[in-house]
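Colleague: got a predicted model here, sequence first, then my questions.
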Amino acid sequence: MKHSATFLSLAETLERIRGTASKKEKVALVSAFLKGLTPRDAEVAARIASGRSSERGSRDEAQVGYSALLGVIREVTGATESAVSKSYLKHGDLGELAEELLSEKKEQPLFKEELTLASVDDAFARLRGTKGHGASAAKRAIVKSLILAATPLEGKYIVKVLTGEMRTGLVSGLLAEAIAGAFGLSEEEANRAHMVLGDIGVFAGKAAEGKAAKVEIEPFRPVNFMLAEPYATAGEIAEHFGRLVYAEYKYDGIRAQVHRSKGETRIFSRRLEEITSGFPEIVAAFKDSKREFVLDGEAVPFSDGRPLPFQLLQRRLRRMEEFEEAARQAPVTYFAFDLLFLEGKETVDLPLSERRRLLQRVVTGTTARTAESVDVATEREIQLAFRESRDLGYEGLVVKDPDSVYGMGKRGSGWVKLKEELDTLDVVIVAAEYGHGKRAGVISDYTFAVRDGDRLKTVGKAYSGLTDREIDEMTRKLKEITVKDFGYRRQVKPEVVVEVAFDSVQKSDRHDSGFALRFPRIKRIRDDKGLADIDTIAKVAGIFSGQKLKVDEAA
Ligand code: ATP
């Protein structure tokens with residue numbers, strides 16, 4: 001049997017990848033590293049390179065909090081609190097802090113054993129499996145043994161994976177390209193395999209086995225969702241399609257992929273995480289179904305024929321301890337709008353008109369529903385459908401081409417969306433402050449950032465939009481992920497994604513992005529989105545220049 005590759009060789013490769021700005025070179029480096037690895041090593045290496053320690057869609061994550069990691073680093077190195085703070089301020093990255101401090105270790109491992117990809121992956125599996133009473137101490141012990149055995153460079157990448165902050169510039173498209181190069185797949189084969197398998201590691205493993213060219217959707221393995229292209233007006237949509245299309249209501253809930261096979265139902269989120277336990281009504285809706293299928297749709301808080309405010313659903317997702325009460329307040333109906341797999345076969349390549357016909361059969365006889373839809377062709381018809389949707393309490397429309405295939409992971413032109421409001425931005429909270437007056441004692445002011453390549457750049461500070469209860473929850477959460485506590489202000493791990501509405505974008509030197517949002521307010525907490533999904537500085541700049549155009553036109 002082939003031995004597992006050393007973890008050091010992966011850490012060195014990642015270091016080289018971070019050191020080059022050239023995408024081509026990044027791809028070549030990963031490709032060269034993956035070539036010749038065993039399928040298991042290829043799986044582990046690709047997953048770690050993508051910044052994850054566990055498979056997407058797996059039930060458990062190997063989560064270790066910032067404070068536990070800092071605790072282990074201090075224990076192993078004997079570094080003082082102020083040395084740790086200084087290093088964090090210098091690097092702004094826990095991985096780099098680990099590398100700097102680990103060059104001097106106070107403790108040494110009992111047996112010096114070289115870390116391999118397999119041994120690191122085994123440790124991650126143990127972390128995932130550690131639950132219940134005493135779990136945090138057990139997890140710390142596992143992390144400690146890893147860090148003790150690690151060289152400073154290895155320590156850096158172990159910490160980076162455990163915090164989910166790889167920052168090597170290896171976006172998943174580049175990784176997929178590198179896997180294709182290493183194992184001789186065409187771009188199309190690689191993209192498809194990646195979207196079907198969901199997890200980049202599983203994809204690399206299959207590619208190393210020579211089995212990636214023929215992968216198919218399987219029940220209980222979530223696939224990447226198709227997304228909609230935003231359009232500003234009904235007129236543009238009519239022009240884009242130029243013929244009869246389906247206008248479906250845009251339901252305001254949580255995107256959910258429902259898998260059913262052999263009498264079992266499992267549900268996955270947009271981030272391909274399993275969320276079955278949060279939606280007993282959806283499980284119940286399909287309990288008598290004898291079919292095998294994968295559906296795409298939206299879980300919507302809904303009662304007496306009307307949608308309920310989305311916030312009710314969020315509360316229910318976050319406060320599991322009061323789940324029953326919250327579920328009573330916000331009962332969920334599943335509105336299915338697509339069918340990806342039926343009775344052992346993929347359906348993604350069938351035209352939407354055909355998928356909808358089959359979908360109707362799957363949903364009939366259950367307590368789930370299919371999305372309301374009207375046939376439209378002209379600007380006026382789209383406008384009317386839009387008004388009707390808004391009047392009924394929905395968000396707008398998703399307009400779809402009846403001939404389009406289901407483009408997994410694509411923001412395809414086959415689906416376009418129309419919403420009423422000005423653009424919103426999905427941003428991540430990077431710092432927070434205690435409020436004043438009525439809000440004294442709770443953390444209610446949030447500084448947030450957008451993405452600029454590998455970096456985060458702040459664009460504003462929001463004080464409003466959340467309910468008192470949400471602020472309490474946010475206070476608890478932000479305390480947990482505090483990286484540095486300055487008393488009234490805290491720097492936090494960039495993890496909480498919020499959607500902000502605002503009046504306009506201004507140029508400003510108050511924030512390091514060079515822009516500031518005017519009158520930002522939080523529309524909602526986006527638990528369904530992660531750091532990888534936040535908006536970019538390019539989008540902010542685009543909104544800014546769009547506004548300027550209007551001013552120029554008026555002048
Ligand atoms: P948004 O913030 O507008 O919800 P998003 O980034 O989550 O957008 P997009 O693909 O851009 O996702 O917009 C479409 C979203 O609208 C889907 O993710 C889905 O959650 C929701 N949706 C509601 N009704 C429908 C529908 N009938 N068809 C497709 N998507 C729908």
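Modeller: Perfect, I can see it now.

Colleague: so what's the residue count around Glu325?
Modeller: 12 (other C-beta atoms under 10 Å). The C-beta positions use only the backbone N, C-alpha and C, and glycine is treated the same way.

Colleague: from the ligand, how far off is it?
Modeller: For Glu325, the distance to the ligand (C-beta to the nearest ligand atom, to the nearest Å) stands at 25 Å.

Colleague: same question for Val161.
Modeller: 26 Å.

Colleague: what's the answer for Ala178, then?
Modeller: With distances taken as C-beta to the nearest ligand atom, Ala178 is found 27 Å from the ligand.

Colleague: ok, Ser85 next?
Modeller: 37 Å.

Colleague: is that residue in contact with Lys484, as I believe?
Modeller: Yes. In this structure Ser85 lies within contact range of Lys484 using C-beta atoms under 8 Å: 6.4 Å.

Colleague: which non-adjacent residue is nearest Glu189?
Modeller: Ala213 (4.7 Å; C-beta to C-beta, 6 or more residues apart in numbering).

Colleague: ok, that neighbour touching Leu185?
Modeller: Yes. Counting by C-beta under 8 Å, Leu185 is a contact partner of Ala213 at 6.2 Å.

Colleague: so the two - more neighbours on which side?
Modeller: Of the pair Ala213 and Leu185, Leu185 is the one with more neighbours under other C-beta under 10 Å, namely 23 against 16.

Colleague: so the more buried one makes contact with Ala212?
Modeller: Yes. With contact defined as C-beta under 8 Å, Leu185 counts as touching Ala212 (5.8 Å).

Colleague: what is in contact with the two at once?
Modeller: 179, 193 (C-beta atoms under 8 Å, 6 or more residues apart in numbering).

Colleague: pretty sure His56 is touching Asp199, no?
Modeller: Check again: residue 56 is Arg, not His. Yes. Counting by C-beta under 8 Å, Arg56 does reach Asp199; the two are 4.3 Å apart.

Colleague: need the overlap of contacts for the two.
Modeller: Joint contacts of Arg56 and Asp199 (C-beta under 8 Å, 6+ apart) are Leu272.

Colleague: tell me who's in contact with Gly414.
Modeller: Gly414 neighbours (C-beta under 8 Å, 6+ apart): 226, 352, 400-401, 404-405, 407.

Colleague: who wins on neighbours among the residues you listed?
Modeller: Neighbour max across the contacts of Gly414 (other C-beta under 10 Å) = Lys400, 26 neighbours.

Colleague: hey, what's that one bridged with?
Modeller: Tyr246, Trp415 (DSSP bridges).

Colleague: Gly51 versus that one, what's the distance?
Modeller: Distance check for Lys400 against Gly51: by C-beta to C-beta, to the nearest Å, it reads 33 Å.

Colleague: likewise Leu148?
Modeller: 23 Å.

Colleague: please compute how far stretch 256-264 lies from its chain's middle.
Modeller: 22 Å (C-alpha atoms, centre = their mean, to the nearest Å).

Colleague: picking that back up, let's see which of the contacts of Gly414 end up in helices.
Modeller: Leu352 (DSSP state H).

Colleague: up against the ligand, what does the stretch 351-500 of the chain have?
Modeller: Contact residues, the stretch 351-500 of the chain versus the ligand (C-beta under 6 Å from any ligand atom): 371, 398, 417.

Colleague: below-threshold pLDDT in the protein: ranges please.
Modeller: Low-confidence segments of the chain (pLDDT under 70): 1, 59-60, 110-111, 315, 317-322, 420-422, 546-555.

Colleague: domain ranges for it, per the record?
Modeller: 52-163, 227-419, 424-552 (automatic domain parsing).

Colleague: nearest to Ala176, of the ones you listed?
Modeller: domain 227-419 (10.2 Å; C-beta to C-beta).

Colleague: can you map out the strands along the stretch 301-450 of the chain?
Modeller: 306-307, 332-342, 345-346, 369-370, 373-376, 396-400, 411-419, 425-434, 443-452 (DSSP state E, counting those that start in this stretch).

Colleague: burial of the spatially closest residue to Arg291 that is not a sequence neighbour, as a residue count?
Modeller: Leaving aside its chain neighbours, Arg291 sits nearest to Val362 (5.9 Å; criterion: C-beta to C-beta, 6+ apart). Close neighbours of Val362, defined as other C-beta under 10 Å, add up to 23.
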